[in-house]
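[1] This is a predicted model, with the sequence first.
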Amino acid sequence: MGIFSRTRDIIAANVTDLLDKAEDPAKLIRMIILEMEETLVEVRSSAARTIADQKEMRRQIGKLERLQDGWVEKAELALSKGREDLAKAALYEKQKAADMTDQLNAEIEVLDDALRANEADIAKLQTKLREARARQNAIMTRLESAQNRSRLRELYSGPKTDDAFSRFDMLERQADLAEGHADALNLAGPPRTLDDEIAELRASDKVDAELDALKANIARRTNGGEAEKKEG
């Protein structure tokens with residue numbers, strides 16, 4: 001079932017009010033646009049039929065006018081031959097053609113009024129259709145924006161994001177372990193060379209010699225003190 005009763009209802013409709021009251025504005029605006037497009041096609045088809053009818057009527061009027069001229073010539077011929085009765089009959093036929101011509105002209109005027117109404121309706125329908133399409137674009141933009149915001153919220157707070165951050169934590173932990181291993185290697189110092197070990201031996205000899213000298217010095221002082229006590 002259509003939303004409108006066709007042309008008059010569409011022209012009088014307030015699209016914004018209809019959408020504000022709709023549960024599903026996107027679906028309703030699609031239906032409104034579809035019905036407007038169908039009605040516009042119908043009105044244009046009606047206008048096309050009106051134009052075609054007028055052309056046909058004008059062709060008939062042309063034939064009737066030529067027919068009237070023919071009956072006038074026949075009436076003149078009859079009079080020239082003294083046949084007034086035939087002249088009257090020819091003029092009678094000419095009058096019937098004239099009456100049909102007047103009737104067709106009157107019908108053409110009615111069709112002109114209908115055509116002007118169709119033209120006005122087409123202009124109004126096109127305006128309404130542009131308005132509806134603009135509303136549709138606005139609605140679709142709002143829906144797309146809302147969907148994008150929903151996707152962003154899911155991205156920030158959804159399980160995929162949590163999993164991604166968990167992976168980041170694991171990578172940071174692996175980096176910490178690698179750096180810790182490198183630092184531990186630095187604690188042991190660089191590898192010892194042969195010169196280092198020989199130098200260490202020489203240093204040890206010096207320390208041992210100095211230690212022996214210190215011991216001998218202490219022993220001399222101790223022995224000297226004991227000797228002084230004996231002499232006293």
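    Now that the structure is in, tell me what you want to look at.
[2] What's the mean pLDDT across the helix or strand containing Lys206?
    Assigned by DSSP states H and E, Lys206 belongs to helix 194-231. Averaged over helix 194-231, pLDDT sits at 73.
[3] ok, now stretch 87-97?
    Mean predicted lDDT for stretch 87-97 stands at 96.
[4] For that stretch, buried residues please.
    If you call a residue buried by 16 or more other C-beta atoms under 10 Å, then stretch 87-97 has these buried ones: 87, 90-91, 94, 97. C-beta: built from backbone N, CA, C; applies to glycine.
[5] now those as JSON lines including secondary structure?
    Shown next, in JSON lines, are the buried residues of stretch 87-97 (DSSP: H, G, I helix; E, B strand; the rest coil):
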{"residue": "Ala87", "secondary structure": "helix"}
{"residue": "Ala90", "secondary structure": "helix"}
{"residue": "Leu91", "secondary structure": "helix"}
{"residue": "Lys94", "secondary structure": "helix"}
{"residue": "Ala97", "secondary structure": "helix"}
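[6] ok, these vs Ile29, which is closest?
    Nearest to Ile29 among the buried residues of stretch 87-97: Ala97, at 55.9 Å, using C-beta to C-beta.
[7] what sits against Ile11?
    By C-beta atoms under 8 Å, 6 or more residues apart in numbering, the contact set of Ile11 is 121, 124-125, 128.
[8] Could you dump those residues into JSON lines and include secondary structure, neighbour count and pLDDT?
    Below are those laid out as JSON lines (DSSP: H, G, I helix; E, B strand; the rest coil; neighbours: other C-beta atoms under 10 Å; pLDDT from 0 to 100):
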{"residue": "Asp121", "secondary structure": "helix", "neighbour count": "21", "pLDDT": "90"}
{"residue": "Lys124", "secondary structure": "helix", "neighbour count": "16", "pLDDT": "90"}
{"residue": "Leu125", "secondary structure": "helix", "neighbour count": "22", "pLDDT": "90"}
{"residue": "Lys128", "secondary structure": "helix", "neighbour count": "21", "pLDDT": "88"}
